[in-house]
Structure formats: structure tokens, C-alpha cells
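*Asks:* structure for the following, please:
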Amino acid sequence: MRILITGASGFIGSFAVAEGIRRRYEVYAGIRATSSLRYLPEGVYTATLTLSDKEQLKRELTGLGRFDYIIHNAGLTKCRKKGDFDMVNYQYTRYFIEALIETGTVPTKFLYVSSMAAFGSGNPKTLEPVKLSDTPRPDTLYGKSKLKAEEFIRSQTDFPYLFVRPSGVYGPREKDYFVFLQTVNRHLEPAMGLQKQYLTFIYVTDLVNAMYLALESTHVRKAWFAADGKTYDNREYAAIVKKHLNRKALFLPVPLFLVKAIAYTLDTVCGWFGVTPTLNRDKYKILRATNWKVDTDALQKDLGFVAQYDLDKGMEECVKWYRQEKWL
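*Replies:* Residues are numbered from 1 along each chain as shown. Sure thing, here's the model as predicted:
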């Protein structure tokens, strides 16, 4: 079985490559010419893909031949120019789909790694989890671009898509949640706003397992949310982080108006230097939301998915890796 994984040199992609090799697939890592190969394991084939140029991409896909499965994981979660979300997450995905169709290389299944952000957060008053039957209401540029890509893929007649929409993905090598670990490691526990937040997570290897379960199932033209099945509030999350860092930290609630001011200022100032800050306008909108609960019943029922890591076990592994690699 041949599988192509785009965004293969990144956080989720490199774990997806490793799992494909473990399952004895013939794995092709779709990368850019400038991508680092540091975290790609032995036994993988590399394939340079020019997602920004459909005609060049068609030539590249023709040379590679047809794959049984494709995991399309390439995309942006943050960017300096706000138009880049739409360009990379939607337009490049459109080029990719059109190139596959026009070259006759559509796979048996095409799994698009989307995001819970494509639906947006849940109702802050009822605290009901986000469900597959809900109407998507993304309020970030990132979420809107992921939803736009989903809608284009869904519009293609008989195209064999699958969507997996993870909640907060964490694990070794992840850099955004790592910022919070760094802060707690310095004995500070910031909290965004004064209200309790309800959060959901999925450890990266559990997410990758869910992706392969979807590919190897009988399902097609179907979508799932992916999380470990538990809900954590922001203080529980911080307590787990402090436990595994073995740190005490000063609880520091930051009013949302101040978080917003900092985010917008960082976005502007860092933009002058071509840098994308971790705390930016889009991230602020995520941080202000209080309900990130999500219904994962379909993932468990359809695919038999059972998370191997809850946040406590996963964070233990993260801290161990960050310390071994001298990140902490």
C-alpha cells in the first residue's frame, strides 16, 4: 500500500510518516524543497511537491503515480500575512485536489487534516459540546480557511474524502503549547480572562492512530472530531503541567482586554520584522473562548478509537522529551 503524506516534515506529519512505516506502508513524505528532514525516520521516500503551482504539481504527481491513500496535512496554523491562511490552507488544497483529478491520480481515500477551529468554539452559556450536526461558525481566519477547504473538497463529485478535525494537538516537538510549559517552568501560571475555560486535547500519536483507523475503515465522505474524550478546565490543565514540571507557579489571571491589546500589539510590531508571534489576533480569539468541549462519540463508534493518552500521561511524555532535548 502506497501512501503520500503532505506536510511530512512538520509536527503532526512526521508522526504520521513514522506510523505509516510502522504499519508497513510504502510511505512518501511530501515536502517542500526547503523542508528539514530532521524528524523523518529511515525507510521513507521523499517527494518534493509544489503546492503553490498547479501545473508543476501535476507534473510531480504524474511522476509519482497513483497512491492508495493520501493524508493532506500541509497547512498553516499561524502566519505573518493574514491572506496566507486562505492561500495556503484553501487555495493550495484546491490546487492539489484539481491536480489529482486532472492527472487521474485520485487515491482510494484522501484524508484532510482539518481542525475543530473549522467549526469554532461551543456555546459559552449552555456549555454543550460541539457536535458534527452543528452549523460551523469559525471566528478565526485559520478556522475559516480550513472550513473553506473542507467545503471545496466536499463539493467534488464522488471524491473519496475523509476529514479529521482534531482539538488541541500536543506532544513532543509541538511549539505552541510548549510556550505555556516554558512560562510555568519560570514559576508563572497565566490565565486568559477571569472565566473558567473548558478545554479538550489529543496527544499526537493518538491523532495519528485515528487518521489511520479512518483510512483503513470502510468509511468514505465522512468527518470526525478527534480528542481524547475528556474535558479539562484551564486550572486542571495548569495543575497537570505543574505536576510534571515539578514547579510551583504564581497564578496570574490576565484580563481579556489586556490580552487583546498585547496580541494586537505583538501582531503589528512582529509583522514589521517578518515574525509571527505565538500570541496574535487569531490566537486571542481562541483564548477568549470558554467552551472547547467536543463530541467524539462518532470517532469511537465508527472507528473503535480509544485514546491511549489522557492529558496527564501525555504531558508526562512531553516534559520528558522537552527535557531530554534541552528545550526545558
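
*Asks:* quick check: Tyr177 touching Val184?
*Replies:* No - using C-beta atoms under 8 Å as the test, Tyr177 is too far from Val184 to be in contact (11.0 Å). All C-beta spots, glycine's among them, are computed from the backbone N, C-alpha and C.

*Asks:* name the helices or strands packed onto the helix or strand hosting Phe163?
*Replies:* Applying DSSP states H and E as the criterion places Phe163 in strand 161-166. Under the contact definition 3 or more C-beta pairs under 8 Å, 6 or more residues apart in numbering; DSSP states H and E, strand 161-166 sits against strand 109-113, helix 141-154, helix 204-215, strand 222-226.

*Asks:* who does that strand pair up with?
*Replies:* Strand 161-166 has its sheet partners listed here by DSSP bridges as strand 109-113 (parallel), strand 222-226 (parallel).

*Asks:* what ranges do the helices span in the stretch 151-300 of the chain?
*Replies:* 176-185, 204-215, 234-245, 256-272, 281-288, 297-303 (DSSP state H, counting those that start in this stretch).

*Asks:* for the ones you listed, give me CSV that also has mean neighbour count, distance to Leu64 and mean pLDDT.
*Replies:* As requested, the helices of the stretch 151-300 of the chain are exported to CSV (neighbours: other C-beta atoms under 10 Å; distance: least, C-beta to C-beta, whole Å; pLDDT from 0 to 100):
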stretch, mean neighbour count, distance to Leu64, mean pLDDT
helix 176-185, 17, 32, 96
helix 204-215, 23, 18, 98
helix 234-245, 18, 42, 97
helix 256-272, 14, 37, 79
helix 281-288, 19, 34, 80
helix 297-303, 16, 28, 98
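
*Asks:* of those helices, give the one that comes closest to Leu49.
*Replies:* Nearest of these to Leu49, taken as C-beta to C-beta: helix 204-215 at 18.8 Å.

*Asks:* can you show me the helices along the stretch 1-150 of the chain?
*Replies:* Secondary structure of the stretch 1-150 of the chain, counting by DSSP H, counting those that start in this stretch: helices at 11-22, 54-64, 83-84, 92-102, 141-154.

*Asks:* ok, which of those helices comes nearest Gly43?
*Replies:* Here helix 11-22 is closest among the helices of the stretch 1-150 of the chain (C-beta to C-beta), at 5.0 Å.

*Asks:* name the surrounding residues that touch the closest one.
*Replies:* For helix 11-22, contacts defined as C-beta atoms under 8 Å, 6 or more residues apart in numbering pick out 3, 5-8, 27, 29, 39-41, 43-44, 71, 73-74, 113, 169, 171, 173-175, 204-205, 207-209, 211-212.

*Asks:* which among those residues count as buried?
*Replies:* The neighbour count (16 or more other C-beta atoms under 10 Å) marks 3, 5-8, 27, 29, 39-40, 44, 71, 73-74, 113, 169, 171, 173-174, 204-205, 207-209, 211-212 as buried among these.

*Asks:* Serialize the helices of the stretch 151-300 of the chain to JSON lines and add fields for distance to Thr140.
*Replies:* Putting the helices of the stretch 151-300 of the chain into JSON lines (distance: least, C-beta to C-beta, whole Å) gives the following:
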{"stretch": "helix 176-185", "distance to Thr140": "14"}
{"stretch": "helix 204-215", "distance to Thr140": "20"}
{"stretch": "helix 234-245", "distance to Thr140": "19"}
{"stretch": "helix 256-272", "distance to Thr140": "12"}
{"stretch": "helix 281-288", "distance to Thr140": "4"}
{"stretch": "helix 297-303", "distance to Thr140": "23"}
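
*Asks:* looking at the helices of the stretch 1-150 of the chain, which is nearest to Asp282?
*Replies:* Here helix 141-154 is closest among the helices of the stretch 1-150 of the chain (C-beta to C-beta), at 5.4 Å.

*Asks:* do you know how far Gln56 is from Ile101?
*Replies:* According to C-beta to C-beta, to the nearest Å, Gln56 and Ile101 sit 16 Å apart.

*Asks:* then Leu147?
*Replies:* 21 Å.

*Asks:* neighbour-wise, which of those two wins?
*Replies:* More crowded of Leu147 and Ile101, by other C-beta atoms under 10 Å: Leu147, with 22 against 13.

*Asks:* quick check, pLDDT for the closest residue to that one other than its chain neighbours.
*Replies:* Leaving out its chain neighbours, the residue that sits closest to Leu147 by C-beta to C-beta, 6 or more residues apart in numbering is Ala118, at 4.1 Å. Residue-level confidence at Ala118 comes out at 98, pLDDT.

*Asks:* next one: the one 4 residues further on
*Replies:* pLDDT, Gly122: 96.

*Asks:* tally of neighbours for it?
*Replies:* For Gly122, using other C-beta under 10 Å, the count is 24.

*Asks:* hey, what's Lys222 bridged with?
*Replies:* Leu162.

*Asks:* so how far is Pro160 from it?
*Replies:* 10 Å.

*Asks:* next one: Thr62
*Replies:* Thr62 is 20 Å from Pro160, by C-beta to C-beta.

*Asks:* and if you look at Leu147?
*Replies:* Counting by C-beta to C-beta, the gap from Leu147 to Pro160 is 20 Å.

*Asks:* over to Ala289?
*Replies:* Ala289 sits at a distance of 33 Å from Pro160 (criterion: C-beta to C-beta).
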